[in-house]
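1. sequence and predicted structure are below.
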Amino acid sequence: MMLRVGVNGYGTIGKRVADALAAQPDMTVSGVAKTTPNFEATAAHRRGYAVHAIDDAAAFAAADVPVAGDLDDLVAASDVVIDCTPAGIGAQNREIYEAHDTPALYQGGEDADVADASFNARANYDEIANGDAEHVRVVSCNTTGLSRVLTPLDEVYGVEKTRATLVRRGGDPSQSDRGPINDILPDPVTVPSHHGPDVNTVLPDLAVDTMGVTVPATLMHLHSVNVTLESDADADAVRETLADESRVFVVPEHARVAGPGHLKELAKDAGRPRGDLWENCVWGASIAVEGRDLYFFQAIHQESDVVPENVDAVRAIAGDADAAESVVRTNRALGVGRFDPTDGDATAADGRGMAASADD
Ligand SMILES: NC(=O)C1=CN([C@@H]2O[C@H](COP(=O)(O)OP(=O)(O)OC[C@H]3O[C@@H](n4cnc5c(N)ncnc54)[C@H](OP(=O)(O)O)[C@@H]3O)[C@@H](O)[C@H]2O)C=CC1
Ligand SMILES: O=C(OP(=O)(O)O)[C@H](O)COP(=O)(O)O
């Protein structure tokens, strides 16, 4: 079945989600919706997406962006809508999707109660696929990053307690109005930050406390993670466990990656669209175990790690594939796990695409 998916909100997340949907063999983009006829609207039109004007269609026409309709038209033309509007707007839009009886996905900037359930493919795909939820929230970039590593660690070793400090980027590269410009902010100053409770929306039984610090950077978030495991482990075994995950890139020491600047360059060298890094980037050299205490650093590309999760969430609510099938299909279509631009599809989906070439 070809699923028609509409994207409401075509900014940092929406434009990436639209391209990811268009790359899937079983999905088509029914259109995108926007409020402002700016350069992104022009780009959407040039990419062949039917552009829908939220309110001022005449302004789009004046900017030479043909208008396919309004938001109602987009929802009517879609089997599923992915709401990628700024935080808080998704909650207002839910009644529009409900009026059309159209299932919808929301993003992590919304409060958890915007939807019937929250989603991360590694943590709770089957629960969503086998349940009745038609309004589902894909958890935020940081929460996605934590869920992807904590799920396999809990499965293999058991997690007694996680403590993570999240060094949050101040804004995305295009957000010139964000900050701080020259400061280091406890953000939020209260402990725990919202990220730990957010992990519990997809992994309810996991003990996790998080603290957030926002810094003058735009490229990626960086997590300092300490997990007290329930059973003994050694660093090599944990490295293998994480490397087996198709959406975790264990960065090999020989790559000499110092930080997010190098990671973004690595992604661009690999020919990744927009220099995106869909995978958690865990420094292999940072993985250390002392007793049952595991430590590591990971970087999270906030603009793109939730993109494959949105694609999987569409299949989960459409009841179209099980978790393994969906993740493989999504990875293969996007090239998740593929860092060699000359590689074919084969390495992308098998869970060891990067790990296989990432011997420390
Ligand atoms: N950026 C990030 O790092 C991440 C963001 N998220 C979450 O994803 C969501 C979207 O964030 P992001 O992509 O960064 O936001 P952006 O501001 O980059 O994009 C939002 C888009 O929505 C459009 N828009 C604005 N108002 C409306 C409206 N009333 N109805 C429809 N569309 C509207 C904007 O269009 P226009 O230009 O016309 O105003 C723009 O295309 C948020 O919930 C955010 O928290 C999740 C993970 C990471
Ligand atoms: O969802 C995000 O971050 P979060 O997981 O820290 O809430 C995105 O990076 C957007 O964060 P923002 O609220 O700083 O724009």
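-> Now that the structure is in, tell me what you want to look at. In this text the structure is predicted, and so the values were computed from the model without any measurement. Residues are numbered from 1 along each chain as shown. Ligands and ions are numbered 1, 2, ... in the order given.
2. can you pull out the strands in the stretch 201-350 of the chain?
-> Here the stretch 201-350 of the chain has its strands, by DSSP state E, counting those that start in this stretch, at 208-215, 221-229, 248-251, 280-283, 288-290, 293-300.
3. counting contacts, what elements does the fourth one pack onto?
-> Using 3 or more CB pairs under 8 Å, 6 or more residues apart in numbering; DSSP states H and E as the contact test, the elements touching strand 280-283 are helix 141-156, strand 248-251, strand 293-300. Every C-beta, even on glycine, is put in place using the N, C-alpha and C of the backbone.
4. in CSV, list these along with distance to Thr42.
-> Below are the helices and strands packed on strand 280-283 laid out as CSV (distance: least, CB to CB, whole Å):
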stretch, distance to Thr42
helix 141-156, 27
strand 248-251, 33
strand 293-300, 30
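5. picking up where we left off before, including mean pLDDT, mean neighbour count and distance to ligand 2, could the strands of the stretch 201-350 of the chain go into JSON lines?
-> Formatted as JSON lines, the strands of the stretch 201-350 of the chain follow (pLDDT from 0 to 100; neighbours: other CB atoms under 10 Å; distance: least, CB to the nearest ligand atom, whole Å):
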{"stretch": "strand 208-215", "mean pLDDT": "98", "mean neighbour count": "20", "distance to ligand 2": "7"}
{"stretch": "strand 221-229", "mean pLDDT": "98", "mean neighbour count": "21", "distance to ligand 2": "7"}
{"stretch": "strand 248-251", "mean pLDDT": "98", "mean neighbour count": "27", "distance to ligand 2": "18"}
{"stretch": "strand 280-283", "mean pLDDT": "98", "mean neighbour count": "24", "distance to ligand 2": "13"}
{"stretch": "strand 288-290", "mean pLDDT": "98", "mean neighbour count": "14", "distance to ligand 2": "25"}
{"stretch": "strand 293-300", "mean pLDDT": "98", "mean neighbour count": "22", "distance to ligand 2": "8"}
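6. mind putting these in CSV, distance to ligand 1 included?
-> Formatted as CSV, the strands of the stretch 201-350 of the chain follow (distance: least, CB to the nearest ligand atom, whole Å):
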stretch, distance to ligand 1
strand 208-215, 12
strand 221-229, 9
strand 248-251, 18
strand 280-283, 14
strand 288-290, 29
strand 293-300, 9
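7. which residue is nearest the centroid of the chain?
-> The residue lying closest to the centre of the chain (CA atoms, centre = their mean) is Val306, at 0.9 Å.
8. confirm that Val32 sits in a strand.
-> Yes. According to DSSP: H, G, I helix; E, B strand; the rest coil, the state of Val32 is that of a strand.
9. and Ala316, how many neighbours?
-> Residues lying near Ala316 (other CB atoms under 10 Å) number 28.
10. what does Val314 give?
-> Considering only other CB under 10 Å, Val314 is surrounded by 28 other residues.
11. again, but for Gln92
-> 11.
12. pLDDT wise, what is it at?
-> pLDDT recorded at Gln92 is 98.
13. could you look up the SS state of it?
-> Going by three-state DSSP: Gln92 is helix.
14. gap between it and Glu110?
-> For Gln92, the distance to Glu110 equals 10 Å [CB to CB, to the nearest Å].
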